[in-house]
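Q: need a 3D model of the following:
(one chain, ligands or ions: 1)
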Amino acid sequence: METNAAVKTIRVAVCGAKGKMGQEVVRTVLNDPQLALAGAVDLHGLNETINDFYGVTDAPGMRFDRSLKDLLARETLDVCVDFTNPDVVFENALAIIEAGSRPVIGTTGLSAEELARLDDALKSHGLGGMVVPNFAIGAVLMMKFAQEAAKYFDHAEIIELHHNKKADAPSGTALKTAELMRQSQAKFGPTNAPEKEVIAGARGATDEANIHIHSVRLPGFIAHQEVILGSPGQILTIRHDSMDRACFMPGVALAAKKVMELKGLVYGLEHIL
Ligand SMILES: NC(=O)c1ccc[n+]([C@@H]2O[C@H](COP(=O)([O-])OP(=O)(O)OC[C@H]3O[C@@H](n4cnc5c(N)ncnc54)[C@H](O)[C@@H]3O)[C@@H](O)[C@H]2O)c1
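A: Residues are numbered from 1 along each chain as shown. You can find the predicted model right below:
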């Protein structure tokens, strides 16, 4: 690929670069004229070069780092994109901020308290950061439509379906969807009969507004979600399917650019569209 150094202004590193999402992100950065790959980290990063692993010629001499901290100590980064694991993402995001870089976090599983702490850390460093539960535009629209529909339906449940290697449940998208729906309706399922679960968990998890969330994990799925809203005599189903991880990449590239203008934490792609 031909590169134009003059317009490659935003130096982006990718943490989790050998994962399913991370590999797509590295290729996206390499192919975007406004972004320059400044590093690639993965626990499984052997001493191989980026060019060899991805079969490209754009990153001469660059090798994987096994530790984000090593990369942050060596390189000045504008942005660090994280697609790793719910167990390490908070620590990674804090390390990115403390090194003076901007986190763009796709990894799900951050708690509300951790999001608040990241916001504080970003503000005290005068930096912007993004946490995006779903980078696919169709999924963002699904959430928006569910929020709108929840104004008119006070009975709703969410079914999210993912591949069986996903570590956290429910998905970040389901949590974000429920949060948006709560802004439209304080309590769901008011006319449901009193329930007794014969097998614990049969009715899924419930959020504070009594939205039931059901998580399906099966090989074959990528990332899918249905929001089902009911009222007497009618059912409205809003469904989104990610058929290929390519659907997340325009959102990741946009976030890597827009985060340069932000201060504090922005949660959700809808705020920068
Ligand atoms: N926001 C979105 O739109 C979106 C879309 C898909 C997946 N996700 C989330 O992204 C995350 C990653 O998903 P995936 O399918 O790519 O997973 P994956 O298991 O394929 O990849 C994760 C990679 O991170 C690496 N890793 C783990 N801990 C690390 C650490 N401490 N330092 C460096 N590398 C580390 C692993 O070695 C692995 O290669 C999950 O939380 C998933 O739910 C988000």
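Q: now do the contacts for the single nearest residue of the stretch 151-273 of the chain relative to the ligand.
A: Nearest residue of the stretch 151-273 of the chain to the ligand, counting by CB to the nearest ligand atom: residue 248, 4.6 Å away. No exception for glycine: its C-beta is placed from N, CA and C like everyone else's. With contacts defined as CB atoms under 8 Å, 6 or more residues apart in numbering, residue 248 is in contact with 21, 24, 106, 134-136, 242.
Q: so which of those is the most crowded?
A: Compared across the contacts of residue 248, residue 134 has the highest neighbour count, 28 neighbours, by other CB atoms under 10 Å.
Q: find the nearest non-adjacent residue to that one, please.
A: Spatial nearest neighbour of residue 134, excluding adjacent residues (CB to CB, 6 or more residues apart in numbering): residue 173 at 4.3 Å.
Q: doesn't that neighbour belong to a helix?
A: Yes: the assignment for residue 173, made by DSSP: H, G, I helix; E, B strand; the rest coil, places it in a helix.
Q: tally of neighbours for it?
A: So residue 173, with other CB under 10 Å, has 25 neighbours.
Q: report the contact partners of it.
A: 108, 133-134, 139, 143, 160, 223, 225.
Q: pick out the most distant pair among those residues.
A: Within the contacts of residue 173, 108 and 143 form the most distant pair, 14.0 Å apart (CB to CB).
Q: which residue ranges of the stretch 51-200 of the chain form strands?
A: With DSSP state E, counting those that start in this stretch as the criterion, the stretch 51-200 of the chain has strands at 79-82, 102-105, 128-131, 156-162.
Q: pretty sure residue 121 contacts residue 94?
A: Yes: if you go by CB atoms under 8 Å, residue 121 and residue 94 touch, sitting 6.1 Å apart.
Q: with residue 257 as the reference, name the closest of the strands of the stretch 51-200 of the chain.
A: Set against residue 257 and scored by CB to CB, those come closest in strand 79-82, at 8.6 Å.
Q: what's the burial count for the nearest residue to residue 60 once chain neighbours are set aside?
A: Leaving aside its sequence neighbours, residue 60 sits nearest to residue 51 (CB to CB, 6+ apart; 6.6 Å). Residue 51 has 15 neighbours, counted by other CB under 10 Å.
Q: for residue 108, same thing?
A: Under the neighbour criterion other CB under 10 Å, residue 108 is assigned a count of 25.
Q: quick one: residues contacting it.
A: 86, 133, 168, 171-173.
Q: repeat the analysis, applying 10 Å as the threshold.
A: The neighbours of residue 108, taking CB atoms under 10 Å, 6 or more residues apart in numbering as the test, are 83, 85-86, 89, 131-134, 162, 166-176.
Q: for the stretch 101-250 of the chain, list the residues in contact with the ligand, please.
A: Taking CB under 6 Å from any ligand atom as the measure of proximity, the stretch 101-250 of the chain contacts the ligand at 106-108, 132-135, 166, 223, 248.
Q: in helices only, show me the contacts of residue 173.
A: Among these, the ones falling in helices (DSSP state H) are 139, 143.
Q: before we move on, the earlier item: need the three-state assignment for the residue of the stretch 151-273 of the chain closest to the ligand.
A: Secondary structure assignment for residue 248 (three-state DSSP): helix.
Q: what count of nearby residues applies to the residue of the stretch 1-150 of the chain found nearest the ligand?
A: As assessed by CB to the nearest ligand atom, the ligand sits closest to residue 19 within the stretch 1-150 of the chain, at 2.0 Å. By other CB under 10 Å, the residues close to residue 19 number 19.
Q: surely it touches residue 42?
A: Yes: here residue 19 reaches residue 42: they are 7.0 Å apart, a contact under CB atoms under 10 Å.
Q: overlap in contacts of those two?
A: In contact with both residue 19 and residue 42: residue 84, using CB under 10 Å, 6+ apart.
Q: related to what we said a few turns ago, distance to residue 68 and pLDDT for the residues of the stretch 101-250 of the chain next to the ligand - can I get that in CSV?
A: Listed next are these as CSV, based on distance: CB to CB, whole Å; pLDDT from 0 to 100:
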residue, distance to residue 68, pLDDT
106, 15, 97
107, 12, 97
108, 18, 92
132, 19, 97
133, 21, 92
134, 23, 93
135, 20, 97
166, 22, 94
223, 25, 96
248, 21, 97
